[in-house]
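Chemist: build me a structure from this.
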Amino acid sequence: MVDGTYHDNFSSQTKVSSTQAQTFRPLVSVPLFNLAHAFAFEFQRLCGAESSRNAMMAGFIPNTSLDAAMEDEFGDRETYRRFRKRRSSAGMTNIQGTDEGFDSPLQNLLARKAADAVKEEYSPEGDKSFLGTPGWLCKSPGGSDLPGTHIPLKSLHDDQEFSPSAKGSALSLKVVKQEPEEVSDSGESSFSRFASVLQAALRGLMPFPELILQFEACCKDLAEHVREEATERHRAIEDLLMRQKAQMLHDESATWALIWHLFGKGFDDMELEDAVLSTSQHEACDFISTDATAQLCFRIVKWLEGLISKALDLDKQHKGWYAGSYLQKLGVWRQTQHSIRKMVGNAVLVQHLDPDAPSRERARLQEEDQNLEEELLDDIWKLLRAGRLEEARQLCRSAGQPWRAATLGGCGDLGPSPSPDMLIRDGKDVALQAVELESGISHQRRLWKWACFSASERIAESPDESRYEAAIYATQCGNTRRMLPVCRDWESACWAIVKSWLEVQVDMELARLHPAKTDQIKVNGDSGGMSEAIVEFSAGPINGPESWPHQVLDQQPRDLSSIFQKLLSGDLVHENVSRSCKDQQRQIQMNIMLGEVGQLLDLLRAWIVPPQDHDAHVRSHGNPQMIRFGAHLVLVLRHILADDVKEQFREKLWLVGDLILNTYAIFLFTQRREELVGTYAAQLAPYLCEELYLHMMELRQNDSVLVKYKIFLSALENLPFGTEDPLKGSVSNILERLLSRSRDVKRKVRHIKLEEVEEHQRQDSLEKAVVVQWLCFAPPSNLENAEELRLELLARAAHYSNLLLREFGLVSLRRNHKMPVGVHMLLGYLVEPLKQPLDYSLYPQLNLQENVSEIQEWREYFTCDALYRNWLKVEAANAQIQELSPEEKDLSLTAANEAISAMTSFIQRRGYAWLAESQCIGELTAFPLLLEIHAVGTLVSVSGSCLVPDATVCTALKSSLFSCVGEDTIHGRQVKVHTTASDVENCVNINMQCLAVVGDGIDSIDQDGGLLGAALATAVKGEMLHFQPGLSLEVFRLDAWYVDKDGKRSPAIYITQGLCRRCCLPELMLRCMQLRVFLASGGIFSTEEEDLVEYVASSEYAVHQLFSTRQLQEFLLLEREFTLHVVESAENDSA
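Modeler: Residues are numbered from 1 along each chain as shown. I've put the predicted structure just below:
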């Protein structure tokens, strides 16, 4: 039977039945030679062999007689049980025939197989709603496989088990390997999570120390999620990559934790209540609070202890156990006791069971006890490594070794160097205070540390003793020579060295404050510099307790950098530790601890920023997670470093930091995460920020409206619209530069034929027009002054649209049936914004009302142009037909009639007033002005071929433009003409200047463009004097300015408007006359067009001044032809 005392304690803590206790007991104390039978029994029990379990139970319950007092003392060891985890029974349904005390891997496997099979059976093909939600195992009340009672699969996997009948049915189900259709990359979700918490901190909603903790939590959550995904993979390469990514995220979380401990965690000085009642703990705490080197070491130690402590908590959360969670009374050495009682030991076996027996007798324990003792020491080491001294001592007591707990408590549960918050939280150690009041401050501390040093050396020199036991006592005295052999990772080795250095600094300070009677310790300079410590002994043995800390001084580093050098190439350091020193995150952590911000940024730049060489397009630009980490690290350092440190590294922190931030922003853009870019672009220098947005907008020019709106919205939400903040880029500058760059001629190939030039013009007009859409987006209503932003954007859109419409008007003078698609796309973008209510008084400086009126005038003009081209298209189609049908003739006549009606109506309503609105120039009349016009275009001959603008052509063009002005005007107005070949293929730059005079730039303006407009109009119409006849200028870009005496420019809109009037109005009237002749040839006569001839010939309007000589000749010829058709029709009617 089970021992009564044990059963009482067990049942009182776990609340399980007697049968369950019997089931658990064989696993507690079963001998090693019976383990195979125990595992066989366990397998049969899980498979439902109840009779086998009852039959075998008697043979597996040993007759163990343990002291009842011992059982009572260590009964609380149940909380450290390794082989099962304690689970809450709330919300769980216990299936009949199962035991609550076990969480079997076999049963979990059966549950997963059954769940997969049921999902395969009942989920329809391709039904993502079933697979995308938590699974349900469906069983009908009658036991059939029809959907009935729903049991969550998660509860089956985690908490419940199958009954015997369920197990049998589960084994018969068909199991099919299911692979995910798409491999998800959970690491990418870190981009949005990091951006959201960073934005909160930048807006002042979260302090930056809290932001660092949020970054750490994000990395930990993502690392765990990626690890869980890796366990579900079926391909080795995928598993490896996912685990590597999880490890990178884990290392990054450790770096954020380090930054928080060094810069984010407060360390307040603690004021002692009474100096007489202070202890060595208080003085150690006060020294750490005031000494910079000691405080740095303390923060590093707490960081390293926190890492392993969080790892232990994670193991407990997922596995149900962690270091120290194993069987009760593991340190009692039962197998050795059994061997001694039976007198079956040999010479190497101890004969007594006191703690000193193995060392005193130089003998060993039984192999099983020795292994369990090694596990106990390993777990104690892990708890000490995690900074859990109190828990390590409790573990020793629970394991049956209270003496070991006493040896670890020389300075109490808080340790020899507690932090202020620990002392405030737990209060003073009354026992330690009493001892030190009697024997003197730090006397017992010195004696205890010397004893721990002697024990670690003695244990390490014995071949049969445990390395972990030597390391445990070495941690209490800073003996790194005995700690490093058990440190297999970088964190443990670094913790051992830094903790030892910290303890020695504290011990030296205490020795200085309270020197022993038999020695004098003199410390020259800073107490943190071990190289300057001189210990002089006047009496007493060198190895006595009064000589402490002389015994460990030689092991201490000179400074923090020598610690990392020791980790890289130390004799006692494990090869894994040396190898880890070369990892990226390790190098980052070491530079952060050293305060080498400049070297840290150089490392990040080498890993992240693409090299500026010819191989940059083929080299990797860094791991995405490292790029993200580097960008956020730069931002955190900018906000959390002290002012003197930021000033010291200002150049690299901003210049190199901007390169890293810019690289991350570009990376987000390439990953289609445009909505996140604004958060980081706003932290860049203004020129970099604006250039980044320009680059994004140009590359996303032809994307969907949703993508473009995301970029637009990110700019509005993160950047100021105006230029009031000189340290940030502005939306206004971005849009202005975008509009200016969009008007540049971007021809890439050499065009010779007119058809190629026209096709290029069509494509160029599309690229220019699509930019207007950025200005037509409505700002979100939650923004401040959203209505003002909307009107300002509309004013800019109207101004820019008119610039394009003037250029498009000059390009569309040729008579062909191809529609100017850029024009109609541009006007289509403006339809919705112009429907909204407008307040023209808000931005008078942008001339919103005038620009909107001009857009309406251009809309009417291009409506007439579209109808005319539609008629040309019908005529071109009819020209391919040998014999036209009446319907086809009627179609052409109908198109012509619609076009001429629209043109006649337009001329009657607008007429000479089209584009004749005056411009306010009052502020420009106080001083003489220059007028300047600049045009970029191509010279096209009558045959349709393009003329290459070499030096000869440019000189001839310049001379011809001078001739158009006249000798007297050249000298009187100081006319200057410059013509050069453009960087664009087959294009020529024309720049003309003249003095502004009254009526042309001063006091009033010439509605027909003045001198410069008239001169350039002759080039556009192809009627330049002393130049090749018929050679005309196809204008791609047109600008005109006022220029003051300081060289400052302002737009001279009337010049470009007058140029368009001189070119477009005569062409429109000639087209109207052409349609009039066509309709007359078809027998359709209208009297409305007769007014057009009188209108042109009228001296009141002087419209004929807009016509060139060739255009007037064509106008008269068309009128003559129309008259002939009228006469011919009259003769036919009379006949």
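Chemist: in PDB, list the C-alpha atoms belonging to stretch 657-669.
Modeler: Taking Å, rounded to 0.1, in the frame of the first residue of the first chain, the C-alpha atoms of stretch 657-669 are listed here in PDB:
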ATOM      1  CA  GLY A 657      20.600  57.300 -39.200                       C
ATOM      2  CA  ASP A 658      18.800  58.900 -42.100                       C
ATOM      3  CA  LEU A 659      20.300  56.500 -44.500                       C
ATOM      4  CA  ILE A 660      19.100  53.600 -42.400                       C
ATOM      5  CA  LEU A 661      15.600  55.000 -42.100                       C
ATOM      6  CA  ASN A 662      15.500  55.800 -45.800                       C
ATOM      7  CA  THR A 663      16.500  52.200 -46.600                       C
ATOM      8  CA  TYR A 664      13.700  50.800 -44.300                       C
ATOM      9  CA  ALA A 665      11.100  53.200 -45.900                       C
ATOM     10  CA  ILE A 666      12.100  52.100 -49.300                       C
ATOM     11  CA  PHE A 667      11.900  48.500 -48.200                       C
ATOM     12  CA  LEU A 668       8.300  49.000 -46.900                       C
ATOM     13  CA  PHE A 669       7.500  50.600 -50.200                       C
END
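Chemist: and it, what's buried?
Modeler: Within stretch 657-669, the residues that count as buried by 16 or more other Cβ atoms under 10 Å are 657-669. (Each C-beta comes from the backbone N, C-alpha and C, glycine too.)
Chemist: what's the neighbour count on Thr290?
Modeler: If you count neighbours by other Cβ atoms under 10 Å, Thr290 ends up with 11.
Chemist: cool, and the one 4 residues further on?
Modeler: Using other Cβ under 10 Å, Ala294 is surrounded by 23 other residues.
Chemist: enumerate the positions of whichever helix or strand it is part of that are buried.
Modeler: For Ala294, the enclosing helix or strand under DSSP states H and E is helix 292-319. The neighbour-count check on helix 292-319 (16+ other Cβ under 10 Å) flags 293-312 as buried.
Chemist: for Glu465, which non-adjacent residue is closest in space?
Modeler: Distance criterion Cβ to Cβ, 6 or more residues apart in numbering; nearest residue to Glu465, sequence neighbours excluded, is Ile459 at 4.4 Å.
Chemist: ok, now Ser714?
Modeler: Gly678 is the one closest to Ser714 (Cβ to Cβ, 6+ apart), at 3.2 Å.
Chemist: picking that back up, CA atoms only for the next helix-or-strand element following the helix holding Ala294, dumped as PDB, please.
Modeler: Next helix or strand after helix 292-319 toward the C-terminus (DSSP H and E): helix 334-341. Provided in PDB are the C-alpha atoms of helix 334-341 (Å, rounded to 0.1, in the frame of the first residue of the first chain):
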ATOM      1  CA  ARG A 334      17.500   6.900  -1.500                       C
ATOM      2  CA  GLN A 335      19.300   4.400  -3.700                       C
ATOM      3  CA  THR A 336      22.600   5.000  -1.900                       C
ATOM      4  CA  GLN A 337      20.700   4.600   1.400                       C
ATOM      5  CA  HIS A 338      19.200   1.300   0.100                       C
ATOM      6  CA  SER A 339      22.700   0.000  -0.900                       C
ATOM      7  CA  ILE A 340      24.200   0.900   2.500                       C
ATOM      8  CA  ARG A 341      21.400  -0.900   4.300                       C
END
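Chemist: helices or strands up against helix 334-341?
Modeler: On a contact count with 3 or more Cβ pairs under 8 Å, 6 or more residues apart in numbering; DSSP states H and E, helix 334-341 meets helix 367-385.
Chemist: list the buried residues of the helix it packs on.
Modeler: Within helix 367-385, the residues scored as buried using 16+ other Cβ under 10 Å are 369-370, 372-373, 375-385.
Chemist: with stretch 638-649 instead?
Modeler: Judged by neighbour count (16+ other Cβ under 10 Å), stretch 638-649 contains these buried residues: 638, 640-641, 646, 649.
Chemist: compute the first-to-last residue distance for that stretch.
Modeler: 10 Å (Cα to Cα, to the nearest Å).
Chemist: centre of the chain to it, how far?
Modeler: 24 Å (Cα atoms, centre = their mean, to the nearest Å).
Chemist: and stretch 903-917, by the same measure?
Modeler: Remark: stretch 903-917 is offset 56 Å from the chain centroid, using Cα atoms, centre = their mean.
Chemist: over to stretch 292-299?
Modeler: Worked out by Cα atoms, centre = their mean, stretch 292-299 lies 33 Å from the chain centre.
Chemist: so for it, mean pLDDT?
Modeler: Stretch 292-299 carries an average pLDDT of 91.
Chemist: and Asn989, that's in a strand?
Modeler: Yes. Assessed with DSSP: H, G, I helix; E, B strand; the rest coil, Asn989 lies in a strand.
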